[in-house]
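Engineer: Structural data only, the sequence is not supplied:
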């Protein structure tokens, strides 16, 4: 393969400015990650330790193989919400006894590990990652069930009821998906570290293997207060749902651990006997690191997203040896397509170098078909304002040809991984395999912006529509009021398009340091290759 040639000027003023801006954004992200790692705070963690319990991240660190990484999913969920950053829940992919697993756990230092609107999304995402990538599923359970206290105590009773109804539907799906994993022969393992009530009880209830801790684990559909209210019975915790009872009488527990480290040891033993095999091919035995310094990735994208850059500069710093075989380089040049490898895994790459035109859309559709024919996963690098609009472009088939690209993305069966490095607006997000199109993984850089359209365009469109409506009614158009309204729309559209807001709402799998892109994509590819990697030749109807 030819080697990409970098034309990046590391002495340019724009390079230095972009680098400084990115480092500033990463400082904010690092601060939020630190906040998430503290869980419910020092006092709550101290209470855990006084009862011989470990915080959730310590539990996970002990179960992982020595020196193996842990790729956390949506660690900044619930930022700018009434809940703590991270939402009291940890989800990620790690290695236990040489087996890649989805690992998730309730943080008992945060509202007793209760479910809320954000961590319920994270839990369901963990189940989805396990199912689509065929990853064994390990859950560290300690949950009071649904968070009945509301969002920081601010909800009115009617809102609380509506939220509870929504949680009821989500928890029901949780039961379904855990049992579906077992049906698909994907092992499910629960380690119960404390009280697991109501919906939390069904997490071990639906699992293949259950490990309980003596005098610490309790599993029951209703705790003593609910039993008293429902039946009048005065039940004690251990008789009702203690570890001894469940391992000797009810049969819910399979293994009885003496303490938390003993439970973690048992979890590792269970993973050891699974005899797990990946279905996808192994990566190449050897590969070269990129020729160019990944530090340069800090300086490629302007914070404003108004300065163009060549997506090949990103590719050159994440692929093996900076080798890249570009497909149709002279046709549809606003989209870059080609083949490479990352940590020995073959990959097809599609990256934006401008708006999507008819030619670039057709090129993408053909390239996606070719990758499916040879069973090669696809990496989408987003920096897209959308498909080109206008009379000439419509007459030359942009809707028709853009639909071909979306058709190809929709019907493709090889794994898709999306990394949003800059803008990802409107239908351009869909064409580049945005979250709605089911990529295996989606990651974003701090510079990412995701929206229906740009904030200025959104405010302008609303003004045009308002002016036309006033004209139809035969009334004067209030320019001053419109200007104020447009300013408000633009401000909130800008705020909610930012990557930090998007990742806090669990619309992706996490915000990453650009320098880690190669490593993160390689870990995602390794996870994908637990399952069969097989393309399709079956696509929907092409409008010719």
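Structural biologist: Looks like it arrived, so ask away. Remember, it's a predicted structure, so these values are computed and weren't measured experimentally.
Engineer: going forward, measure contacts and count neighbours with C-alpha atoms only.
Structural biologist: Will do.
Engineer: Quote the end-to-end distance of stretch 375-395.
Structural biologist: Terminal residues of stretch 375-395 lie 35 Å apart, using CA to CA, to the nearest Å.
Engineer: Let me see the mean pLDDT of that stretch.
Structural biologist: Mean pLDDT, computed over stretch 375-395, is 95.
Engineer: from the middle of its chain, how far away would it be?
Structural biologist: Stretch 375-395 has its C-alpha centroid displaced from the chain centroid by 22 Å (CA atoms, centre = their mean, to the nearest Å).
Engineer: One more: stretch 6-24?
Structural biologist: Mean-position distance between stretch 6-24 and its chain equals 28 Å (CA atoms, centre = their mean).
Engineer: Report the beta-bridge partner residues of residue 381.
Structural biologist: Counting by DSSP bridges, residue 381 is bridged to residue 351, residue 419.
Engineer: heads up, I number from 7, so please use that
Structural biologist: Understood, numbering begins at 7; the last thing we discussed is residue 387.
Engineer: That one contacts residue 422, doesn't it?
Structural biologist: No: taking CA atoms under 8 Å as the definition, residue 387 is not a contact partner of residue 422, at 10.9 Å.
Engineer: hey, what's in contact with both of these two?
Structural biologist: Common neighbours of residue 387 and residue 422, using CA atoms under 8 Å, 6 or more residues apart in numbering, do not exist here.
Engineer: Point out where the protein drops to low pLDDT.
Structural biologist: Along the chain, the model assigns pLDDT under 70 to residues 154-178, 459-460, 498-499.
Engineer: Next up, the contacts around the spatially most central residue of it.
Structural biologist: In the chain, the residue lying closest to the centroid (CA atoms, centre = their mean) is residue 515, at 1.6 Å. Shown in contact with residue 515 (CA under 8 Å, 6+ apart): 79, 80, 447, 448, 449, 509.
Engineer: And for residue 378?
Structural biologist: 418, 419, 420, 540, 541, 542, 543.
Engineer: any idea which helix or strand carries it?
Structural biologist: helix 364-379 (DSSP states H and E).
Engineer: Ok, residue 25 next?
Structural biologist: Assigned by DSSP H and E, residue 25 falls in helix 19-43.
Engineer: In terms of secondary structure, what does the helix or strand just after that helix contact?
Structural biologist: Using DSSP H and E, the helix or strand that follows helix 19-43 in sequence is helix 48-56. Helices and strands in packing contact with helix 48-56 are not found; criterion 3 or more CA pairs under 8 Å, 6 or more residues apart in numbering; DSSP states H and E.
Engineer: Can you classify the closest residue to residue 301 other than its chain neighbours as helix, strand or coil?
Structural biologist: Once flanking residues are discounted, residue 301 sits nearest to residue 521: 6.0 Å by CA to CA, 6 or more residues apart in numbering. Look at residue 521: counting by DSSP: H, G, I helix; E, B strand; the rest coil, its state is helix.
Engineer: Is it correct that residue 521 is in contact with residue 299?
Structural biologist: No: using CA under 8 Å, residue 521 is not in contact with residue 299; the gap is 9.0 Å.
Engineer: With neighbour numbers in mind, choose between these two.
Structural biologist: Neighbour count, other CA atoms under 10 Å: between residue 521 and residue 299, residue 521 has more, with 17 against 12.
Engineer: quick one: the more buried one and residue 9, what's the gap?
Structural biologist: In terms of CA to CA, residue 521 sits 20 Å off from residue 9.
Engineer: ok, now residue 525?
Structural biologist: If you measure residue 525 against residue 9 using CA to CA, the figure is 20 Å.
Engineer: how about the helices in the stretch 107-256 of the chain?
Structural biologist: Along the stretch 107-256 of the chain, counting by DSSP state H, counting those that start in this stretch, helices occupy 123-139, 163-189, 205-211, 230-237, 243-247, 249-251.
Engineer: Now render the ones you listed as JSON lines, adding mean neighbour count.
Structural biologist: Converted to JSON lines, those look like this (neighbours: other CA atoms under 10 Å):
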{"stretch": "helix 123-139", "mean neighbour count": "21"}
{"stretch": "helix 163-189", "mean neighbour count": "16"}
{"stretch": "helix 205-211", "mean neighbour count": "24"}
{"stretch": "helix 230-237", "mean neighbour count": "12"}
{"stretch": "helix 243-247", "mean neighbour count": "18"}
{"stretch": "helix 249-251", "mean neighbour count": "23"}
